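Chemist: fold the following and give me the result.
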Amino acid sequence: MAPASIKVKSPNTLAHVVLRTTNLNSMVSFYKVFLGGHSAYENDNSAFITYDEEHHRIAIAAVPGTGPKQRTSSGLEHIAFGYNTLRDLLDSYKQRKEYGIIPMWGVNHGPTVSMYYQDPDGNVLEVQVDCFPTSDAANAWMQGEEFAENPLGVEFEPEDLIKRLDSGESEKSIMKRPRIGPRDLDSIPEIPAPLTTGPWIDVV
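Modeler: Residues are numbered from 1 along each chain as shown. Reported below is the predicted structural model:
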């Protein structure tokens, strides 16, 4: 048994996520649009999608024997992607909307302002922007009574945030979470059926 005092060296980055699917073409089209990405390589049973300097961030594979996703199974709950500013987050919302990709939930968690989407297989995706200028500031807030009282967050409508930002209100003001009292995981909204078609379907 290894001594408890030994700390394993941490990785430098989280490199990529791999998804199994029975619906390869639709999933590949969706992720190219959703991430503003492209395939570094793809063939008849897999695709390696990137949107930055990494050779792939999402790999999608049509693995034989794969069945439909079961939402209530243990395992990965969602994948989160970050933006630098609230304006960038809201611009990406408007661009996805043009392709018929609409978030199922907008919530100010406190540390982040986040929107949640579903891919065609029902995997949940979060896009977010940090509400605090540093991780230390976010960690300090999360240790306080407001987060203990409500670790879930406060819902918002993206169009309302766009109007506030366009009116000249500061991002800092918009991202400050209202205090609404106690709340827990029981109040998470029900996840709708996955998005299976839309203008994004024809992207190759």
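
Chemist: burial measure for Trp141, as a count.
Modeler: 15 (other C-beta atoms under 10 Å). Placement of C-beta: from N, CA and C, glycine included.

Chemist: from what I see, it and Pro111 are in contact.
Modeler: Yes: taking C-beta atoms under 8 Å as the definition, Trp141 is a contact partner of Pro111 at 6.7 Å.

Chemist: list residues touching both of the two?
Modeler: Listed contacts common to Trp141 and Pro111 are 132, 147; contacts here mean C-beta atoms under 8 Å, 6 or more residues apart in numbering.

Chemist: who touches the most centrally placed residue in the chain in this structure?
Modeler: For the chain, Glu126 is the residue whose C-alpha lies nearest the centre (C-alpha atoms, centre = their mean; 1.4 Å). Each residue near Glu126 by C-beta under 8 Å, 6+ apart is listed here: 78-81, 114-117.

Chemist: again, only this time at 10 Å
Modeler: 77-82, 103, 105, 107, 109, 112, 114-117 (C-beta atoms under 10 Å, 6 or more residues apart in numbering).

Chemist: of the residues you listed, which is the nearest to Phe156?
Modeler: Of all those, Val107 has the smallest distance to Phe156: 7.0 Å, by C-beta to C-beta.

Chemist: could you pull up the residues touching the closest residue to Asp184 other than its chain neighbours?
Modeler: Distances taken as C-beta to C-beta, 6 or more residues apart in numbering put Leu152 closest to Asp184, at 6.5 Å, once the chain neighbours are dropped. Contacts for Leu152 (C-beta under 10 Å, 6+ apart) come out as 107, 109-110, 182-188.

Chemist: and these as CSV, adding pLDDT and distance to Met27?
Modeler: Converted to CSV, these look like this (pLDDT from 0 to 100; distance: C-beta to C-beta, whole Å):
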residue, pLDDT, distance to Met27
Val107, 97, 25
His109, 97, 27
Gly110, 97, 32
Pro182, 92, 38
Arg183, 89, 33
Asp184, 79, 33
Leu185, 77, 28
Asp186, 78, 31
Ser187, 76, 30
Ile188, 79, 24
